[in-house]
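> following is a predicted model, sequence given first.
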Amino acid sequence: MVKTESKTDARCTSNSTDGTLLRVLMVDDDSMYRQLCRRFLAKDPENSYHIVGVASAEAAIDACQLEVFDCIIVDYLLPDSLGTDVIADLELQMGEAIPPVVILTAGGGEEAATHAVRANAADFLSKRDVSSASLCRSIKNAIEKSQLKTAIRNRNKELSVAYTQLQQSTEEIKNFYHTISHEVKTPLTALREFLSIITDEVVGPITEEQRELLGFSLESCDQISEHFNDLIDLARLETGKLRLKRKMDSSSRLIKRCIAGVAGIAAEQNITITDDSSDDIPDIDIDSNRIAQVVSNLLNNAIKHTEAGGCIRVNSVYESISDCVFIRVSDSGCGIEEQHLNRIFDRLYQVDPKAETELNAGLGLGLSIAREVAQLHGGELLVESQHGEGSTFILRLPVAVTQNLETNFKLVG
Ligand SMILES: Nc1ncnc2c1ncn2[C@@H]1O[C@H](COP(=O)(O)OP(=O)(O)OP(=O)(O)O)[C@@H](O)[C@H]1O
Ligand SMILES: [Mg+2]
């Protein structure tokens, strides 16, 4: 049975007119001291109190089953138990719903204080020194601390739910990657192969018109294949599964290869590409195919955004202070307005998607992949541009990647 005090005694009103009503359970076998605490709390200018007083641990546990309290004040030495045991019992019964507990002790003493802290008490006060101000402050702090703990607990739960969802999405992305690579890319490769066989007249002669149409079909296959490759890379980046196959390699040779790869399209549009890289560039520790992918995307972008008759300049230099190689791709094209400069590295972002012609249409993935590939190498990809005056993309690559970075990115070299 709950041994509460008389009804009039069980309620206490303070001078406060608009303060919060705080529900406090007071556990002390000394009724005089309970009265004193009531008087202390009645002086609180900020809050009103609804106080229930009980004399034993057992009664305290019963009271908590009947009513919800904002705070419990408990004497350290009760006739049937210790104040700290009351906390343990309540934790067992109420779990996370346990209100904050302030422990009071007549004797004080370091041992009791340590005991109280270990038992999760929100505060510990010596009865000798307690005053109206210190008691009210202690209750207020205990409640605020408990609310904060609850908020953190709730946030942790939300984070844990978000983490589970993230794991599920990661799993879905992985499946998506497998679906694309097996279900779509394989038949696409077969389709390309069949078209080549027909174009090469292996199964019979074709007309010039048919050859031209087959050529377009092959280009479309290549375009779709490139888009799928980008999506696959994206899935790998999302899941941290993009693996770099690094070795020391020459950036000059790589640049020449990339320029040769786009020379045809550039020539068609009367765009000149010059390479004025310096000769004394050391080999760098890179995944050559990935860096070629980055440089090719920069060259393709430059071609796409440069008028016929314009020029593109590739320049690479070694800087000994930073021990980095800088590859710059500059064009005399349309440039990029300032408000788009940061956003062009976002996934699927294109300044003017409508301007993409059918033949050179991209997904807006190239730069986001390029920047991540640069970062995986311990480098970076930056842009400088003036609208109407062309753009320069700067790829910085450290000559040697530190061990630390490998671990950070969980790479397999
Ligand atoms: N050299 C450039 N000059 C002007 N705008 C550029 C240049 N390079 C990129 N951009 C702008 O940045 C956008 C994003 O480029 P990104 O390479 O990521 O995508 P994309 O070329 O449109 O498609 P994808 O590379 O996926 O085939 C482009 O759509 C374009 O608006
Ligand atoms: Mg691109």
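Noted; the coordinates are in hand. Ligands and ions are numbered 1, 2, ... in the order given.
> look up the closest residue to Ser146, ignoring the ones flanking it.
Pro100 (3.9 Å; Cβ to Cβ, 6 or more residues apart in numbering). All C-beta atoms are positioned from the backbone trio N, CA, C, and that covers glycine.
> might one say that that neighbour is in contact with Cys71?
Yes. With contact defined as Cβ atoms under 8 Å, Pro100 counts as touching Cys71 (5.4 Å).
> so what's Thr402 scoring on pLDDT?
What the model reports as pLDDT for Thr402 is 62.
> tell me the secondary structure for Gly378?
Reducing the assignment at Gly378 to three states with DSSP: H, G, I helix; E, B strand; the rest coil gives coil.
> er, Gly364 I mean
From three-state DSSP, the assignment for Gly364 is coil.
> how about it, what does it touch?
The contact partners of Gly364, by Cβ atoms under 8 Å, 6 or more residues apart in numbering, come to 347-350, 353.
> please enumerate the strands of the stretch 201-350 of the chain.
247-249, 272-275, 284-286, 311-319, 324-331 (DSSP state E, counting those that start in this stretch).
> looking at those strands, which is nearest to ligand 1?
Distance to ligand 1, taken as Cβ to the nearest ligand atom, is lowest for strand 324-331 among the strands of the stretch 201-350 of the chain, at 5.2 Å.
> chain center to the lengthiest helix in the chain, what's the gap?
Longest helix in the chain by number of residues, with DSSP state H as the criterion: helix 132-178. Relative to its parent chain, helix 132-178 has a centroid offset of 16 Å by Cα atoms, centre = their mean, to the nearest Å.
> put the alpha carbons of the helix or strand following that helix into PDB.
Counting by DSSP states H and E, the next helix or strand C-terminal to helix 132-178 is helix 185-199. Taking Å, rounded to 0.1, in the frame of the first residue of the first chain, the C-alpha atoms of helix 185-199 are listed here in PDB:
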ATOM      1  CA  LYS A 185      24.800  -5.300 -70.200                       C
ATOM      2  CA  THR A 186      25.100  -8.900 -71.400                       C
ATOM      3  CA  PRO A 187      22.300  -8.700 -74.000                       C
ATOM      4  CA  LEU A 188      23.500  -5.200 -75.000                       C
ATOM      5  CA  THR A 189      26.900  -6.600 -75.800                       C
ATOM      6  CA  ALA A 190      25.300  -9.400 -77.800                       C
ATOM      7  CA  LEU A 191      23.100  -6.900 -79.700                       C
ATOM      8  CA  ARG A 192      26.300  -4.800 -80.500                       C
ATOM      9  CA  GLU A 193      28.000  -8.000 -81.700                       C
ATOM     10  CA  PHE A 194      25.100  -8.900 -84.000                       C
ATOM     11  CA  LEU A 195      25.000  -5.400 -85.500                       C
ATOM     12  CA  SER A 196      28.800  -5.600 -86.200                       C
ATOM     13  CA  ILE A 197      28.300  -8.900 -87.900                       C
ATOM     14  CA  ILE A 198      25.700  -7.400 -90.200                       C
ATOM     15  CA  THR A 199      27.800  -4.200 -90.800                       C
END
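> which strands or helices does helix 185-199 pack on?
helix 208-238 (3 or more Cβ pairs under 8 Å, 6 or more residues apart in numbering; DSSP states H and E).
> got the angle for the helix it packs on vs helix 185-199?
Interaxial angle of helix 208-238 relative to helix 185-199 (axes from the mean of the first three to the mean of the last three Cα atoms, to 10 degrees): 160 degrees.
> which residues touch the residue of the chain found nearest ligand 2?
In the chain, no residue comes nearer to ligand 2 than Gly366, which is 2.9 Å away by Cβ to the ion. By Cβ under 8 Å, 6+ apart, the contact set of Gly366 is 230, 297, 300-301.
> restrict those residues to those near ligand 1?
230, 297, 301 (Cβ under 6 Å from any ligand atom).
> weed out the non-buried ones from these.
By neighbour count, with 16 or more other Cβ atoms under 10 Å, these hold 230, 297, 301 as buried.
> of those residues, the lowest pLDDT goes to which?
Asp230 (85).
> now do the same contact list for Ser181.
So Ser181 contacts Ile232 (Cβ under 8 Å, 6+ apart).
> show me which residues of the chain are close to ligand 2?
With Cβ under 5 Å from the ion as the criterion, the chain meets ligand 2 at residues 297, 301, 362, 366.
> pick out the residue in the stretch 51-200 of the chain sitting closest to ligand 1.
For the stretch 51-200 of the chain, Cβ to the nearest ligand atom, closest residue to ligand 1: Ile180, 15.5 Å.
> that residue and Phe228 touch, don't they?
Yes. Ile180 is within contact range of Phe228, at 5.7 Å (criterion: Cβ under 8 Å).
> rewinding a little: nearest to Phe40 among the residues of the chain next to ligand 2?
Using Cβ to Cβ, Gly366 comes nearest to Phe40 of the residues of the chain next to ligand 2, at 70.3 Å.
> distance to Arg257 added to the buried ones among the ones next to ligand 1 among the contacts of Gly366, as JSON lines?
Shown next, in JSON lines, are these (distance: Cβ to Cβ, whole Å):
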{"residue": "Asp230", "distance to Arg257": "20"}
{"residue": "Asn297", "distance to Arg257": "14"}
{"residue": "Asn301", "distance to Arg257": "18"}
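> list just the nearest of those residues to Gly95.
Distances from Gly95 to these, taken by Cβ to Cβ, are shortest for Asp230, at 49.8 Å.
> show me the contacts for the closest one.
For Asp230, the contact set (Cβ under 8 Å, 6+ apart) comprises 363, 365-366, 369.
> which of these count as buried?
Buried among those by 16+ other Cβ under 10 Å: 363, 365-366, 369.
> can you tell me which one of those sits lowest on pLDDT?
For the buried ones among the contacts of Asp230, the pLDDT minimum is Leu363, 84.
> the residue lying closest to Thr20 once chain neighbours are set aside and Pro99, how far apart?
Distances taken as Cβ to Cβ, 6+ apart place Asn47 nearest to Thr20, at 5.1 Å, with adjacent residues excluded. Distance of Asn47 to Pro99, given as Cβ to Cβ, to the nearest Å: 15 Å.
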